[in-house]
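Student: I would like the atomic coordinates for the input below:
(one chain, ligands or ions: 1)
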Amino acid sequence: MVRRKNLIAANWKMHKTVSEAVGFVRELQKSVGTFDDREVLIAPPFTALLAVSKELSREDFFLGGQNCHWEEKGAYTGEVSVPMLKDVGCRYVIVGHSERRHIFKEDDEVINKKVRAAVKWGLVPILCVGEMLEEREAGKTFEIVSDQLEKGLKDVDLLDGRSVVIAYEPVWAIGTGRTATPEQAQEVHSFIREKLSGSYGKDIAHSVRILYGGSVKPSNVDDLMKEEDVDGLLVGGASLEVESFRRIIEYQQKG
Ligand SMILES: O=C(CO)COP(=O)(O)O
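Tutor: Alright, predicted model coming up:
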């Protein structure tokens, strides 16, 4: 069984120029303490990937793409492939973010192709799942999450549990300031782990990291990270300022 290392990820979405991104990473690497139980991921826009990659000097800091195409290359105007992301130094790629699902109409089939492409060419996909507010209110959270998980991971080899990361991002908590309570996050995270356990066995399920995303801030990070099955965070807005992201990375340890 592989011991899980927590992952604190910055999803910058469509923010930061190259110089802003480089300046941020330079300052962050200097100001954040080193912890042997956690890793940091920066997912800048494509335009800043190479520059950020060159700036990253710490062994506990990693680079990720925010999206990818499922083919290796070809006539796909505007798209970027997994091998291209690897080429600039990425280790991770975010797949199936709710903004991709809703604004860009990505369905589970496309998301699954991206997850499989990432694993095939050696990136770790961060598969995002999560229910909308109406679905939560209708008592359908588990059903939705279960369905997205099953379809997103179809025919994916989880190896020892380190080849994928799952991010639970309730849509109603993204960019709204309304965070899931630690109990709500834990309830869904443990459901996800149970489900993985049923499909892949206990050891693998125990090794998969399950991140929480949705209005994570310095003020709620410690309580979220105390939960048993919360193995890290996917942070949007609060990852755009060095000081708030530093505080989030330096969350208080469990126990
Ligand atoms: O979508 C998110 C991370 O992927 C969450 O965004 P916010 O942290 O801005 O709510």
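Student: Tell me which residues touch the nearest residue to residue 235 once chain neighbours are set aside, please.
Tutor: Of all residues not flanking residue 235 in the chain, residue 216 sits nearest, at 4.8 Å (Cβ to Cβ, 6 or more residues apart in numbering). (C-beta placed from N, C-alpha, C; glycine too.) Applying Cβ atoms under 8 Å, 6 or more residues apart in numbering, one finds that residue 216 lies in contact with 179, 224, 233, 234, 235, 238, 248.
Student: could I get those residues as TSV with pLDDT, neighbour count and distance to the ligand?
Tutor: TSV is the format used below for the contacts of residue 216 (pLDDT from 0 to 100; neighbours: other Cβ atoms under 10 Å; distance: Cβ to the nearest ligand atom, whole Å):
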residue	pLDDT	neighbour count	distance to the ligand
179	91	21	8
224	97	22	12
233	98	28	9
234	98	26	4
235	98	26	5
238	98	20	6
248	98	24	10
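Student: what's the closest of those to residue 169?
Tutor: Closest approach between the contacts of residue 216 and residue 169, by Cβ to Cβ: residue 234, at 6.4 Å.
Student: Pretty sure the residue nearest to residue 235 sits in a helix.
Tutor: No. The assignment for residue 216 (DSSP: H, G, I helix; E, B strand; the rest coil) gives coil, which keeps it out of a helix.
Student: if I look at it, how far off is residue 245?
Tutor: The gap separating residue 216 from residue 245 is 10 Å, by Cβ to Cβ, to the nearest Å.
Student: Which SSE is immediately downstream of the helix or strand harbouring residue 149?
Tutor: Element membership of residue 149 [criterion: DSSP states H and E] is helix 141-152. Note on helix 141-152: by DSSP H and E, the next helix or strand toward the C-terminus is strand 165-168.
Student: Pull up the pairing partners for that next one, direction included.
Tutor: Sheet pairing for strand 165-168, assigned by DSSP bridges, gives strand 124-129 (parallel), strand 209-213 (parallel).
Student: contacting residues around whichever helix or strand comes after the last one?
Tutor: Scanning forward in sequence from strand 209-213, with DSSP H and E defining helices and strands, the next element found is helix 221-225. Taking contacts as Cβ under 8 Å, 6+ apart, the residues outside helix 221-225 that touch it are 6, 179, 182, 185, 212, 216, 230, 233, 247-248, 251-254.
Student: so who does the closest residue in space to residue 174 that isn't next to it in sequence touch?
Tutor: Leaving out its chain neighbours, the residue that sits closest to residue 174 by Cβ to Cβ, 6+ apart is residue 214, at 5.0 Å. Contacts for residue 214 (Cβ under 8 Å, 6+ apart) come out as 130, 169, 170, 172, 173, 174, 176, 178, 179, 180.
Student: any idea which of those is the one closest to residue 85?
Tutor: Nearest member of those to residue 85, counting by Cβ to Cβ, is residue 169, at 20.7 Å.
Student: what about that closest one, how many neighbours?
Tutor: If you count neighbours by other Cβ atoms under 10 Å, residue 169 ends up with 25.
Student: who touches the residue of the stretch 1-150 of the chain found nearest the ligand in this structure?
Tutor: Ranked by Cβ to the nearest ligand atom, the top residue of the stretch 1-150 of the chain for proximity to the ligand is residue 11, at 3.7 Å. Contact analysis of residue 11 by Cβ under 8 Å, 6+ apart lists 43, 66, 94, 97, 213, 234, 235, 236, 239.
Student: Walking through this protein, point out its strands one by one.
Tutor: Using DSSP state E, the strands of the chain run over 6-11, 38-43, 61-65, 92-95, 124-129, 165-168, 209-213, 232-235.
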